[in-house]
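Novice: pasting a predicted model and its sequence here:
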Amino acid sequence: MVKVLVVDDKPSQVELLCAMLTTIGVECFAAYSGVEAVNTAKQVQPQLIIMDWLMPAETLTGDAATRQILADHSTHHIPVIACSAISNLEDIAYQAGCVDCVSKPFSLDTFI
């Protein structure tokens, strides 16, 4: 089973995406801050991380969390997809090391 870490500071967004992904057989893990994302990535070793980009700086933004995950020897191999409604997401997500980005609102087809 594919393990995906879904990161968003809004629990409703995490619940929605996890509900969508579990319908196609994905095992979802949740993190509600950048700090939690870094720690969970180390523990769970997911095959993919879907990272909200706009999270409070005091708990690590999506950008900062992604950079920490990709800089750590135990998690640098995990692909990260940025997920946000900001207009210049592609530019900043790729600079941080993301493999792709998805604009909100999204559909299940986007992630499939």
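Specialist: Yep, that arrived.
Novice: low-confidence stretches in this protein?
Specialist: In the predicted model of the chain, residues 111-112 satisfy pLDDT under 70.
Novice: can you show me the strands along it?
Specialist: For the chain, the strands defined by DSSP state E occupy 3-7, 27-31, 48-52, 80-84, 100-103.
Novice: out of these, which gets nearest to Ile92?
Specialist: strand 80-84 (7.9 Å; Cβ to Cβ). Just so you know, the C-beta spots here come from the backbone N, C-alpha and C atoms, and that holds for glycine as well.
Novice: from the contact counts, what lies against that closest one?
Specialist: Identification of packing neighbours for strand 80-84 by 3 or more Cβ pairs under 8 Å, 6 or more residues apart in numbering; DSSP states H and E yields strand 48-52, helix 62-71, helix 89-96, strand 100-103.
Novice: so who does Val102 touch?
Specialist: By Cβ atoms under 8 Å, 6 or more residues apart in numbering, the contact set of Val102 is 50, 81-83, 110-111.
Novice: next one: Ile86
Specialist: Here Ile86 is in contact with 53-54 (Cβ under 8 Å, 6+ apart).
Novice: just to revisit the earlier point, go through the helices and strands packed on strand 80-84 and pick out the most buried.
Specialist: strand 48-52 (a mean of 25; mean count of other Cβ atoms under 10 Å).
Novice: can you check what angle separates it from strand 27-31?
Specialist: Interaxial angle of strand 48-52 relative to strand 27-31 (axes from the mean of the first three to the mean of the last three Cα atoms, to 10 degrees): 40 degrees.
Novice: so what touches strand 48-52?
Specialist: Counting by Cβ under 8 Å, 6+ apart, 2-10, 13, 17, 37, 41, 62, 65-66, 69, 78-84, 98, 102, 111 sit against strand 48-52.
Novice: can I get the CA coordinates of it in PDB?
Specialist: Only the C-alpha atoms of strand 48-52 are listed here, as PDB (Å, rounded to 0.1, in the frame of the first residue of the first chain):
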ATOM      1  CA  LEU A  48       4.900  10.900  -1.100                       C
ATOM      2  CA  ILE A  49       4.300  14.200   0.800                       C
ATOM      3  CA  ILE A  50       1.500  16.600  -0.200                       C
ATOM      4  CA  MET A  51       2.500  19.900   1.500                       C
ATOM      5  CA  ASP A  52       0.400  22.900   2.000                       C
END
